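Participant: Everything below, folded, please.
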Amino acid sequence: MVLVLVEHADGKAIDPSLQALTAARTFGEAVHALLIGSSVDLSAHGVAVAHLAQHASLDSFAPDAWAAILGQLADRLNARAIFAAGTDRGNEVMARVAARTQLPLATNCIAVATGSPVTLTRQRWGGSLLEEAALHSPRPLITVAPHTVAIAGYPADTTVEEFTPQLNEEELVVKVAERVSNKGGGVSLAEAKVVVSGGRGVGSKEGFAIIEELASLLRGAVGCSRVVTSAGWRPHSDQVGQTGTKIAPELYIACGISGATQHMAGCKGAKRILAINSDAEAPIMQNADYAVVGDLKEIVPAISAELRKQR
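Facilitator: Got it, this is the predicted structure:
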């Protein structure tokens, strides 16, 4: 069997974890899931057993504790492989599992083929390069790059088994102390169906007013490039990119963004990309489904005006 760490929020598994479950099923063996804190329904995703870890000290994310739990459960079940989503938390926990077990970890995988050794396709250099690799390990540790594997339903009679892990004080030293919701309570960047982002071309913090207006009209979220957060125009939580949030909206509207490799790594999961840029040769224009060459300060308000006419 293979074991998958499943992250969840608001009573449901997050999409990257469901993608990891789909990838794990390619091993052709029974899939077990680890849930920490509370249970979610995984019966539509081929999970034979969902193992629910409950502990008085697991009231928030604690990476060392999660790694200990994952390792303990994998040993008890004699798991052939361990999977997790390639999210910030998934990669952090799996890195700790690798350090504890002294086993190699393959991150950002987009395809996995069972065998001895296991063969992998991995994203490298922010997704601009695909690497074919062989993983020699008695228990492969694998994270799946978000939004690269389509979620495939697979009904199963999932049973839930609760257990209490053995944790020591050191494993609970580092933990999340507080969660701060985005002000305004709007749609989150990771879950938005439409994302409107601004880059250096927006010009200033105040220039994002037209980006916010368009996002509001489209019931979407506002994003930005790294240079914008570095300038202090927007918070880091708005950053789309390799070191920001990786998104997969139905539509991504990039305004005044050049399209560096690190940025494209965060938005390549978008179904459609509309780029607005005064530079027709900007890299993002070559990756966009639709490109508009011109001044975003004229084009974005014009789009908003047309949308208001349709209301």
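Participant: Give me the nearest residue to residue 241, chain neighbours excluded.
Facilitator: Of all residues not flanking residue 241 in the chain, residue 266 sits nearest, at 3.9 Å (CB to CB, 6 or more residues apart in numbering). Quick note: C-beta positions are derived from backbone N, CA and C, even for glycine.
Participant: I'd say the one you found and residue 246 touch.
Facilitator: Yes. Judged on CB atoms under 8 Å, residue 266 makes contact with residue 246 at a distance of 4.9 Å.
Participant: Using the record, which stretches count as separate domains in the chain?
Facilitator: Annotated domains of the chain cover 2-172, 194-309 [automatic domain parsing].
Participant: for those, which one sits closest to residue 179?
Facilitator: Evaluated over these, closeness to residue 179 peaks at domain 2-172, with 7.8 Å, by CB to CB.
Participant: next one: that closest one to chain centre, how far?
Facilitator: Its chain's C-alpha centre and that of domain 2-172 lie 13 Å apart, by CA atoms, centre = their mean, to the nearest Å.
Participant: low-confidence ranges in the stretch 51-200 of the chain?
Facilitator: 181-186 (pLDDT under 70).
Participant: And the helices in it, which stretches?
Facilitator: 63-77, 88-101 (DSSP state H, counting those that start in this stretch).
Participant: So which bits of the last one are buried?
Facilitator: Same thing as helix 88-101. By neighbour count on 16 or more other CB atoms under 10 Å, the buried set for helix 88-101 is 89, 90, 91, 92, 93, 94, 95, 96, 97, 98, 101.
Participant: Check the contact between residue 158 and residue 40; I expect there is one.
Facilitator: No. Here residue 158 lies out of contact with residue 40, judged by CB under 8 Å, at a distance of 10.3 Å.
Participant: Find residues that contact each of the two.
Facilitator: Residues touching both residue 158 and residue 40 by CB atoms under 8 Å, 6 or more residues apart in numbering: residue 50.
Participant: Name the residues that touch stretch 239-248?
Facilitator: Applying CB under 8 Å, 6+ apart, the set of residues contacting stretch 239-248 from outside is 15, 126-127, 146-147, 189-190, 192, 195, 197, 223-226, 228-229, 236-238, 261-263, 265-267, 269-271.
Participant: With only the CA atoms kept, save that stretch in CSV.
Facilitator: What follows is stretch 239-248, C-alpha atoms only, in CSV (Å, rounded to 0.1, in the frame of the first residue of the first chain):
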residue,chain,number,x,y,z
GLN,A,239,2.3,37.3,-4.8
VAL,A,240,1.9,34.8,-7.6
GLY,A,241,5.0,32.8,-8.4
GLN,A,242,7.6,30.2,-7.4
THR,A,243,8.1,31.8,-4.0
GLY,A,244,4.5,33.0,-3.8
THR,A,245,1.1,31.3,-4.4
LYS,A,246,0.7,28.7,-7.1
ILE,A,247,-2.7,29.2,-8.7
ALA,A,248,-4.9,27.5,-11.2
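Participant: Averaged pLDDT, that stretch. What do you get?
Facilitator: For stretch 239-248, mean pLDDT is 90.
Participant: Could you check that stretch and say which residues are buried?
Facilitator: Using 16+ other CB under 10 Å as the test for burial, stretch 239-248 gives 239, 240, 241, 242, 244, 245, 246, 247, 248.
Participant: I'd like to know which of the helices of the stretch 51-200 of the chain is closest to residue 208.
Facilitator: Nearest to residue 208 among these is helix 88-101; the distance by CB to CB comes to 24.8 Å.
Participant: tilt between the longest strand seen in the chain and helix 88-101?
Facilitator: Longest strand of the chain, by residue count under DSSP state E: strand 105-113. Between the axes of strand 105-113 and helix 88-101, defined by axes from the mean of the first three to the mean of the last three CA atoms, to 10 degrees, the angle is 110 degrees.
Participant: What is strand 105-113 packed up against?
Facilitator: helix 15-24, helix 88-101, strand 118-124, strand 129-135, strand 141-144 (3 or more CB pairs under 8 Å, 6 or more residues apart in numbering; DSSP states H and E).
Participant: Throw these into CSV and include distance to residue 294, thanks.
Facilitator: Shown next, in CSV, are the helices and strands packed on strand 105-113 (distance: least, CB to CB, whole Å):
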stretch, distance to residue 294
helix 15-24, 34
helix 88-101, 36
strand 118-124, 33
strand 129-135, 32
strand 141-144, 39
